[in-house]
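J.: Just need the structure, nothing else, for what follows:
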Amino acid sequence: GLTVCILIGLIGYILAQGLPHISWNFLSTEYSARDKALQGILPMIINTLYIVVITLLISAPIGISAAIYLTQYAKQGKLVRAIRFTTEVLSGIPSIIFGLFGYTVFCILFRLQTSIIAGCLTMAICALPTIIRTTEEALLAVPGSYKEGALALGAGKFRVIMGIVLPCAMPGVLTAVILAMGRIVG
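T.: Predicted coordinates for the structure are as follows:
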């Protein structure tokens with residue numbers, strides 16, 4: 001109860017202090033450190049949208065393809081277990097560590113400076129473990145009888161995966177993408 005009261009107090013304080021300052025002008029103008037009339041957050045909102053969209057265009061196809069490969073094509077052995085363990089470990093790493101890694105590799109080593117593409121590549125690495133693991137679990141949750149029935153009717157393995165397994169797992173795949181989007185925005 002005490003924790004809930006403290007949480008409500010913090011949220012109330014933030015809302016009481018912050019809501020009077022939020023206006024259409026604040027949301028729709030550019031930011032300038034020199035001009036007090038230009039203290040808006042529009043560039044931050046637009047850059048966040050760029051980062052989210054470009055990162056998902058990079059990481060979603062790679063992550064979903066990797067999950068399909070790991071669950072449907074790869075021989076279940078030591079290598080697959082090592083990849084699963086690695087993705088579990090990477091999904092638990094705080095995003096600040098990914099940020100430091102991305103700054104070192106993309107901004108300094110690859111000389112991309114502090115650009116949107118450097119941020120997108122960094123966030124793609126950060127989002128990939130989440131997409132891979134969640135999509136893997138969604139694919140493994142599809143009943144094997146669906147796959148066996150389609151194979152028994154003469155469908156090829158690729159057709160079974162794309163026509164039966166993936167559509168059945170689509171809610172889990174969308175969940176993976178939404179979780180990754182939350183991590184990117186965060």
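J.: Just the helices from the chain, written as ranges.
T.: 2-18, 24-28, 42-68, 78-91, 95-102, 116-140, 144-152, 157-160, 166-185 (DSSP state H).
J.: From the chain's centroid, how far away is the first one?
T.: Counting by C-alpha atoms, centre = their mean, to the nearest Å, helix 2-18 is centred 29 Å from the centre of its parent chain.
J.: and that helix, C-alpha only, in PDB?
T.: These are the backbone C-alpha positions of helix 2-18, laid out as PDB (Å, rounded to 0.1, in the frame of the first residue of the first chain):
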ATOM      1  CA  LEU A   2       2.800   2.400   0.900                       C
ATOM      2  CA  THR A   3       4.500   1.700  -2.500                       C
ATOM      3  CA  VAL A   4       1.300   2.400  -4.300                       C
ATOM      4  CA  CYS A   5       0.800   5.700  -2.400                       C
ATOM      5  CA  ILE A   6       4.300   6.800  -3.200                       C
ATOM      6  CA  LEU A   7       3.800   5.900  -6.900                       C
ATOM      7  CA  ILE A   8       0.500   7.800  -7.100                       C
ATOM      8  CA  GLY A   9       2.200  10.800  -5.400                       C
ATOM      9  CA  LEU A  10       5.100  10.800  -7.900                       C
ATOM     10  CA  ILE A  11       2.700  10.500 -10.900                       C
ATOM     11  CA  GLY A  12       0.500  13.300  -9.400                       C
ATOM     12  CA  TYR A  13       3.500  15.600  -8.900                       C
ATOM     13  CA  ILE A  14       4.800  15.000 -12.400                       C
ATOM     14  CA  LEU A  15       1.400  15.700 -13.900                       C
ATOM     15  CA  ALA A  16       0.700  18.800 -11.800                       C
ATOM     16  CA  GLN A  17       4.100  20.200 -12.700                       C
ATOM     17  CA  GLY A  18       4.200  19.100 -16.300                       C
END
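J.: Residues contacting the helix or strand bottoming out on mean pLDDT in the chain, please?
T.: Taking mean pLDDT, DSSP states H and E as the measure, the chain has helix 24-28 as its least confident helix or strand, at a mean of 86. With C-beta atoms under 8 Å, 6 or more residues apart in numbering as the test, helix 24-28 has contacts from 39-42, 45. Where C-beta positions appear, they are placed from N, C-alpha and C, glycine not excepted.
J.: So which of the residues you listed wins on neighbours?
T.: Within the contacts of helix 24-28, neighbour counts (other C-beta atoms under 10 Å) peak at residue 40, which reaches 18 neighbours.
J.: what are the phi and psi angles of it?
T.: phi -90, psi 170 (degrees, to the nearest 10).
J.: Run a quick check on it versus residue 31, I expect a contact.
T.: Yes. At 5.9 Å, residue 40 counts as touching residue 31 under the criterion of C-beta atoms under 8 Å.
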